[in-house]
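# A predicted structure for the sequence below; I have some questions about it.
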Amino acid sequence: MGDRYWLWTGARLLVAVAIVAWAGSYLGTGSGEKDFQKTLDAMKQVHSFRASLSANPGTQRDEALWEVDCSRDLLHHQMHFTDTSINPPAEMSRDETVIAGREYDRKGDGSWSPPQYGYGMSGGSAASFCRKLAQGTDTNLLPEIATMIRRGIIQKGDKKTVNGVRCREYLVTMKGGTSGLEHDTVCIGLEDRLPYELTVDWAHSRFSFSDYNASLQIDVPEGALKPASSISN
């Protein structure tokens, strides 16, 4: 009887240890890193997307939109900035398109011109963004998943809906992050593993991502767009 008791007790302890180990691997940072690795792999297959930004640092407000089409090396960028701390309020807008490395600014009357300020504010070209995506490196436009895997403490959160897509939110605390910028949330699609929302500490900033691998309708200068071709990695 005594031997059978200790055998049964030992078996129960082994099962309990196995359950705790499984739960730890699923709920701990290791599970989050595995989930984010799936996201990084899914992002390598992206060839078009939209990203929008909204930030409100005090009396200022920043809004921006990026549309990226890898197959046509086409990047469209819009931004609008206001500052109500001065009278009259300051305001600046820009609408630019970068096609195969050539930049065009859209004027108020709808016509196109060379860059007004001599340099772009879009952050790069479609080819550069797409090359980084295919290589699994951070683009500084979509969430920096590769850096989060290396330096982030990733905690799994609740499910929610962003722009009609069901996703799971993750809280990411960056080890060694700059004060005020160390906490992010990322919402990852339940089905496609792609990011649909990013929030950061600074200025209540929120990024929204949509239209992955969709056919984007982007207005461009007449004759500027070459026939569609694949962008080499």
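Nice, I can see it.

# Can you check the pLDDT for residue 182?
Note for residue 182: predicted pLDDT of 77.

# From residue 130, how far out is it?
Counting by CB to CB, to the nearest Å, the gap between residue 182 and residue 130 amounts to 29 Å. Where C-beta positions appear, they are placed from N, C-alpha and C, glycine not excepted.

# Of those two, which one has the most company?
Counting neighbours by other CB atoms under 10 Å for residue 182 and for residue 130 shows that residue 130 has the greater number, 25 against 17.

# for the more buried one, phi and psi?
phi -70, psi -40 (degrees, to the nearest 10).

# can you pull the contacts of the nearest residue to it once chain neighbours are set aside?
Of all residues not flanking residue 130 in the chain, residue 70 sits nearest, at 3.7 Å (CB to CB, 6 or more residues apart in numbering). Going by CB atoms under 8 Å, 6 or more residues apart in numbering, residue 70 touches 46-48, 126-127, 129-130, 133, 231.

# again with residue 49
Contacts of residue 49 (CB under 8 Å, 6+ apart): 67-68, 142, 209-214.

# Highest neighbour count among the residues you listed?
Result: residue 68 is most packed of the contacts of residue 49 (other CB under 10 Å), 31 neighbours.

# Which pLDDT value belongs to residue 197?
97.

# in the protein, which spans are helices?
2-27, 29-43, 126-135, 145-151 (DSSP state H).

# Compare those helices and say which comes out lowest on pLDDT.
Across the helices of the chain, helix 2-27 gives the lowest mean pLDDT, at a mean of 36.

# Endpoints of stretch 45-64, how far apart?
24 Å (CA to CA, to the nearest Å).

# got the buried residues for that stretch?
Across stretch 45-64, burial judged by 16 or more other CB atoms under 10 Å covers 46-53, 55, 61-62, 64.

# Might one say that residue 136 is in contact with residue 144?
No: contact criterion CB atoms under 8 Å: residue 136 and residue 144 do not qualify, at 11.7 Å.

# which one of those two has more residues nearby?
residue 144 (20 against 13).

# mind checking how far the more buried one is from residue 171?
From residue 144 to residue 171 the distance is 15 Å (CB to CB).

# can you pull the contacts of the nearest residue to residue 191 once chain neighbours are set aside?
Using CB to CB, 6+ apart and skipping the chain neighbours, the partner closest in space to residue 191 is residue 166 (7.5 Å). The contact partners of residue 166, by CB under 8 Å, 6+ apart, come to 159-160, 189-191.

# I'd like to know which of those are buried.
residue 189.

# quick one: which two of the contacts of residue 166 are the most distant?
160 and 191 (14.4 Å; CB to CB).
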